[in-house]
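Engineer: compute the structure for the input listed below.
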Amino acid sequence: VAAVVSNVAPSDRAGPGTGLGLNARRQWIETEISCAVERAELRGALEEALSRRAALGRRVSNVGDGFVETELDSFVDDGIVDDEMRAVTTQIAALQERLYKSEEREDAKGGVQRWVRVRSLGEARSLLTILFNSAAAARR
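Structural biologist: Numbers count the residues shown, from 1 in each chain. As a prediction, this is how the structure comes out:
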């Protein structure tokens, strides 16, 4: 067990199965929640950007004489639409990279397998209590 714990990042050493105290477990749970929220927010932002890019693609119905006729029957310079499409594509690439790095950090910490280290009902109860208290504090 000592060899496994020494290969784990210092912020993850307070996780299940380490025998550390309540404050260390609380800090570990808070870190876990922050990482999970970050990944969820990145996925949501990525989905939003992808749908925005798809809407931009659908919005364009006719191209002619350097102008684009949109669904709103107004004319917009196609350069503006191209610029907006490029900006959204750049945003998507940045979000994908951040999400990939976040998931890579999760895998490096052991993924969901680190929860397998919970060895007793008392430890599980303690971790769940901390988790629910953190969730309740976040909703206030």
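
Engineer: and residue 126, that's in a helix?
Structural biologist: Yes - assessed with DSSP: H, G, I helix; E, B strand; the rest coil, residue 126 lies in a helix.

Engineer: quick check: chain neighbours aside, which residue is closest to it?
Structural biologist: Leaving aside its sequence neighbours, residue 126 sits nearest to residue 25 (Cβ to Cβ, 6 or more residues apart in numbering; 6.3 Å). Every C-beta, even on glycine, is put in place using the N, C-alpha and C of the backbone.

Engineer: need the nearest residue in space to the residue positioned nearest the centre of the chain, chain neighbours excluded.
Structural biologist: The residue lying closest to the centre of the chain (Cα atoms, centre = their mean) is residue 39, at 1.2 Å. Counting by Cβ to Cβ, 6+ apart, residue 39 lies nearest to residue 102, which is 5.1 Å off, once chain neighbours are set aside.

Engineer: equivalent analysis for residue 38, please.
Structural biologist: Nearest to residue 38 is residue 102, by Cβ to Cβ, 6+ apart, at 5.9 Å.

Engineer: any idea which element that neighbour lies in?
Structural biologist: helix 78-108 (DSSP states H and E).

Engineer: so for that helix, what gets flagged as buried?
Structural biologist: 78, 81, 88, 91-92, 95, 98-99, 102, 106 (16 or more other Cβ atoms under 10 Å).

Engineer: what helices or strands is it leaning on?
Structural biologist: helix 22-59, strand 67-69 (3 or more Cβ pairs under 8 Å, 6 or more residues apart in numbering; DSSP states H and E).

Engineer: let me know which of these is tucked in deepest.
Structural biologist: Among the helices and strands packed on helix 78-108, the stretch with the highest mean neighbour count (mean count of other Cβ atoms under 10 Å) is strand 67-69, at a mean of 17.

Engineer: now that strand: mean pLDDT?
Structural biologist: In this model, strand 67-69 carries a mean pLDDT of 51.

Engineer: local confidence estimate at residue 138?
Structural biologist: Residue-level pLDDT assigned to residue 138 equals 80.
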